[in-house]
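In: 3D model of this:
(chains A and B)
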Amino acid sequence: MNAGPPDDARTGPRREAWPDARAHQVAVARPVDFGEFVRGAGSLVVQPRMGFGSPELMRAGLAATMRANATTVGTITLDSYTRVGDLDAVDAALAEGIDLNGYPIVTHDPAVTRRMLAGIQSDGFPVQVRHGSAVPRDIFAALLRLRVNATEGGPVSYCLPYGRTPLADSVRNWAECCARFAELREHGVEPHLETFGGCMMGQLCPPSELVAISVLEALFFCRYGLRSISVSYAQQTNAEQDKEAVLALRRLCAELLPVENWHVVVYAYMGVYPATGEGAYRLLGQAAELAVSAGARRLIVKTVAESRRIPTIAENVAALEYAGVVADATAHGGGADPAVDSQTYREASALVHAVLNLAPDIGPALLRAFERGYLDIPYCLHPDNAGRTRSYIDDQGRLRWADPGALPLGHLVERGRPHRVTSSGLLSDLSYVRRLYDSERGHPRRIAPVPTVPDSLEG
Amino acid sequence: METQLRDGRTAVAAGRAPVVLLSGVASDSHTWNLVYLQLLIEELGYDVVNLGPCVPDEVLVEACRVQDPAMVVISSVNGHGYQDGLRVVGKLRACERLVATPVVIGGKLGVSGEQSARNVERLVAAGFDAVFDDGGNGIAGFRDFVASVRAARRPMVENVETPA
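Out: Predicted coordinates:
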């Protein structure tokens, strides 16, 4: 089990062989299953996006997250050099004392990372590693070595939006990494993997395709041996449509996933963020309400600083606590009936089943789906994306297909008059949420007092 | 006007719009800037070949060789556009075919706001025909530039037609 497949330039840099998971069995405690923790937490689990290059700062960020007055889990976001496999650039930055935009988990000595996590990562505070890599072999090897048993990504969602790695390479890389990650179970550790497929392009992808890709990536994870899964969905432009999407995601998972241990994670809006503190918090509050009312179990928050820069630890804590207060004040939707055939469910279900019918195995099915345009992300410029679909925001604020391209949505999408997308229309759609929430119209009902925002952060 | 040409010696005369090659730079994974520019340039009357984000220098140069574009537009918003632009424009100008092709760059080119006049001069000296910094009159200036490129093209097209 130490020997990986032969070296291949397309799988990215290869610093070390897969570790023998038995090597640290005695020395390292068995971490709690991230999925079981979230499902048993009793209230919405809130989580930041947070990563720092220095172990001391990373530890301080995790400690502050742990102490926040909310039900939290920790995040270690990796730096972008590690993400693209440029480990020489990490070495250079560490040697020269240049700040990295995340934690270089592959490069720091495992002993350093263990010290960083000691007394922090526990049964009451699991930690997830977030990265964004289509060539994640070194990252997964580091996780195995450290027994860090929760991460996220996917063969489609960590490939198409971010570069030019061929989709076939990403599928192969992710298949190998999932299989290796699943081997943790042989050593009494349950590995957890979250799909990033519900967040494609951050904004302007109609919810049905986000739901479909999230479900398909979850099926991919199951195919390669994972049993503890979460499925993501990123808040879009219309609260009702978002609720339809989360319910559709839950229903499709219940229908299709061969495992019981799964939950939905909602991401606060990932597109152009409101510039005012008021607007940013209203949008975050809306995301917390969505998560609770639609039966999701976890929320990835955003902060008031998002429109300008990487947020501080204190800004993250403020966002976590605000989201927690809103969540506690929102009626729980765990019992809401997801068995409603909404437009979002019908489209997502049609996409998922059409893709699954393309091949007996999920990996080849995903590749064929993109070749044929059965999956086609609007505005995504990756060479393996057909690029025929277009979307727009209608006058109700719903995301709709301006052109469904070759998506197998047949009678489900009206073909009446095509909606022509112009450059000014696109610009307007990209900033729709910012305009809505920075103005008085955006969700005026305030559930919790908005934390004080220093003047320097305003517009 | 172009479509009235009688023979098929140019792409314009064949009823196709001239091609603009649009690209991000190697270190930049941003996409929405490129999507917006594609729509804008198409509205200005061009076909666009959009190479997308994270384009290695060699891929950009090779695509320019193959496409022989009427103009090359480079967009970057991650703050490294100044360094990346200086590097890649030299490689483009080193191609015989691209010596006189209009090549422009724009976006958020530095990590700390607008580029200094000196940096803009350096980019121009390195080979760019124009620099559209986000802090300045970015898009309006870019539209004006495209219009001037079109105006410059017309006499050339008519020269093709006259002898026939």
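In: show me where the chain has strands.
Out: Using chain A here. Assignment of strands within chain A using DSSP state E yields the ranges A:45-47, A:74-77, A:127-130, A:150-153, A:192-195, A:228-234, A:262-267, A:298-300, A:390-393, A:399-403.
In: Wait, chain B was what I had in mind.
Out: Along chain B, the segments classed as strands by DSSP E run B:19-23, B:47-50, B:71-76, B:103-107, B:130-133.
In: Adjacent strands (with direction) for the longest one?
Out: Right, strand B:71-76. Strand B:71-76 has the following strand partners under DSSP bridges: strand B:19-23 (parallel), strand B:103-107 (parallel).
In: Any chance you could list what contacts that strand?
Out: Defining contact as Cβ atoms under 8 Å, 6 or more residues apart in numbering or on different chains, one finds that strand B:71-76 is touched by B:20-25, B:28, B:30, B:33-34, B:37, B:41, B:46, B:60, B:64, B:81, B:84-85, B:88-89, B:92, B:98, B:101-109, B:146, B:149. The way it works is simple: take the backbone N, C-alpha and C, and place the C-beta from them, glycine included.
In: just the buried members of the residues you listed?
Out: B:20-25, B:28, B:30, B:33-34, B:37, B:41, B:46, B:60, B:64, B:81, B:84-85, B:88-89, B:92, B:98, B:101-109, B:146, B:149 (16 or more other Cβ atoms under 10 Å in any protein chain shown).
In: near chain A, which residues of chain B show up?
Out: Among all residues of chain B, those adjacent to chain A (criterion: Cβ under 8 Å from any Cβ of the partner chain) are B:29, B:31-32, B:34-37, B:39-40, B:43, B:50-56, B:59.
In: I would like a PyMOL command selecting only the buried ones among those, please.
Out: Buried subset of the residues of chain B next to chain A, written as a PyMOL selection, criterion 16+ other Cβ under 10 Å:
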select buried, chain B and resi 29+31+32+34+35+36+37+39+40+50+51+52+53+54+55+59
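In: could you dump the strands paired with strand B:71-76 to TSV with distance to A:Y432 and mean pLDDT?
Out: TSV is the format used below for those (distance: least, Cβ to Cβ, whole Å; pLDDT from 0 to 100):
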stretch	distance to A:Y432	mean pLDDT
strand B:19-23	24	97
strand B:103-107	22	94
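In: Quick one: closest of these to A:K243.
Out: Distances from A:K243 to each of those were compared using Cβ to Cβ; the shortest belongs to strand B:103-107, at 36.5 Å.
In: which residues in the stretch 101-250 of chain A form helices?
Out: Assigned by DSSP state H, counting those that start in this stretch, the helices in the stretch 101-250 of chain A fall at A:110-117, A:137-146, A:167-182, A:207-223, A:239-256.
In: Can you check the pLDDT for A:S439?
Out: Looking at A:S439, its pLDDT is 90.
In: Look up how far A:K302 lies from the closest residue to it other than its chain neighbours.
Out: For A:S439, the nearest residue in space outside its immediate sequence neighbours is A:G279; the separation is 7.9 Å by Cβ to Cβ, 6 or more residues apart in numbering or on different chains. In this structure, A:G279 lies at 12 Å from A:K302, with Cβ to Cβ, to the nearest Å as the measure.
In: What of A:P408?
Out: A:P408 sits 34 Å away from A:K302 when distances are taken as Cβ to Cβ.
In: A:D384 too?
Out: As judged by Cβ to Cβ, A:D384 and A:K302 stand 29 Å apart.
In: Between those two, tell me which one has more neighbours.
Out: Per other Cβ atoms under 10 Å in any protein chain shown, whichever of A:D384 and A:K302 has more neighbours is A:K302, with 27 against 19.
In: residue contacts, the residue nearest to that one when sequence neighbours are not counted?
Out: Counting by Cβ to Cβ, 6+ apart, A:K302 lies nearest to A:A268, which is 4.2 Å off, once chain neighbours are set aside. Applying Cβ under 8 Å, 6+ apart, one finds that A:A268 lies in contact with A:235, A:283-284, A:287, A:299-302, A:323.
In: And A:V259, by the same measure?
Out: The contact partners of A:V259, taken as Cβ under 8 Å, 6+ apart, are A:222, A:226-229.
In: Pull up the residues of chain A that are close to chain B.
Out: When proximity is defined by Cβ under 8 Å from any Cβ, chain A lies next to chain B at A:161-164, A:201, A:379-383, A:421-423, A:426-427, A:430.
In: ok, of these, which one's closest to A:L87?
Out: A:G163 (16.8 Å).
In: Just confirm that closest one contacts A:R83, I think it does.
Out: No: at 9.7 Å, A:G163 and A:R83 do not qualify as touching, with contact defined as Cβ atoms under 8 Å.
In: Can you pull the poorly scored residue ranges out of chain B?
Out: Scanning chain B with the threshold set as pLDDT under 70 gives B:1-15, B:111-113, B:135-136, B:153-164.
In: Please report the distance of the residue in chain B that chain A sits nearest to from A:A275.
Out: Residue nearest to chain A within chain B: B:G52 (3.2 Å; Cβ to the nearest Cβ). Distance from B:G52 to A:A275, counting by Cβ to Cβ: 28 Å.
In: same thing with A:A239?
Out: A:A239 sits 21 Å away from A:A275, taking Cβ to Cβ as the criterion.
In: same question, A:Y374
Out: Distance check for A:Y374 against A:A275: by Cβ to Cβ, it reads 38 Å.
In: higher neighbour count, these two?
Out: Just comparing A:Y374 and A:A275: by other Cβ under 10 Å the higher neighbour count belongs to A:Y374, 23 against 18.
In: where does that one land on pLDDT?
Out: pLDDT for A:Y374: 98.
In: check contacts around it.
Out: If a contact means Cβ under 8 Å, 6+ apart, then A:Y374 has A:351, A:354-355, A:358, A:368, A:406-408 as its contacts.
In: Tell me, how many residues neighbour the residue nearest to A:D138 when sequence neighbours are not counted?
Out: Excluding its sequence neighbours, the residue lying closest to A:D138 (Cβ to Cβ, 6+ apart) is A:V106, at 4.7 Å. Other residues near A:V106 number 26, with proximity taken as other Cβ under 10 Å.
In: and A:P311, how many residues sit next to it?
Out: Residues within reach of A:P311, counting by other Cβ under 10 Å, total 20.
In: where's it relative to A:A305, distance?
Out: Counting by Cβ to Cβ - A:P311 and A:A305 are separated by 4 Å.
In: Spell out which residues are contacts of both of the two.
Out: What both A:P311 and A:A305 touch, as defined by Cβ under 8 Å, 6+ apart, is an empty set.
In: Check whether A:K243 really touches A:S293, as I assumed.
Out: Yes: the criterion here is Cβ under 8 Å, and A:K243 meets it with A:S293 at 6.5 Å.
In: which neighbours do the two share?
Out: Going by Cβ under 8 Å, 6+ apart, no residue sits against A:K243 while also sitting against A:S293.
In: Mind checking which of the residues of chain A next to chain B are buried?
Out: A residue is treated as buried here by neighbour count (16+ other Cβ under 10 Å); on that basis the buried members of the residues of chain A next to chain B are A:161-164, A:201, A:379-382, A:421, A:423, A:426-427, A:430.
In: Identify the farthest-apart pair in the residues you listed.
Out: Pairwise distances across these peak at 25.6 Å for A:R164 and A:L427 (criterion: Cβ to Cβ).
In: rewinding a little: show me what contacts the residue of chain B closest to chain A?
Out: A:164, A:381-383, B:23-24, B:31, B:34.
In: can you give me the helices for chain B?
Out: B:32-43, B:57-67, B:81-93, B:117-126, B:138-161 (DSSP state H).
In: Which of those helices sits closest to A:T151?
Out: Where those are weighed against each other on Cβ to Cβ, the nearest is helix B:32-43, at 26.6 Å.
In: And for the closest one, what's in contact with it?
Out: Under the criterion Cβ under 8 Å, 6+ apart, external residues in contact with helix B:32-43 comprise A:379, A:381, A:421-423, A:426-427, A:430, B:20, B:22-24, B:48, B:50, B:52-53, B:73, B:75, B:77, B:107, B:139, B:142-143, B:146.
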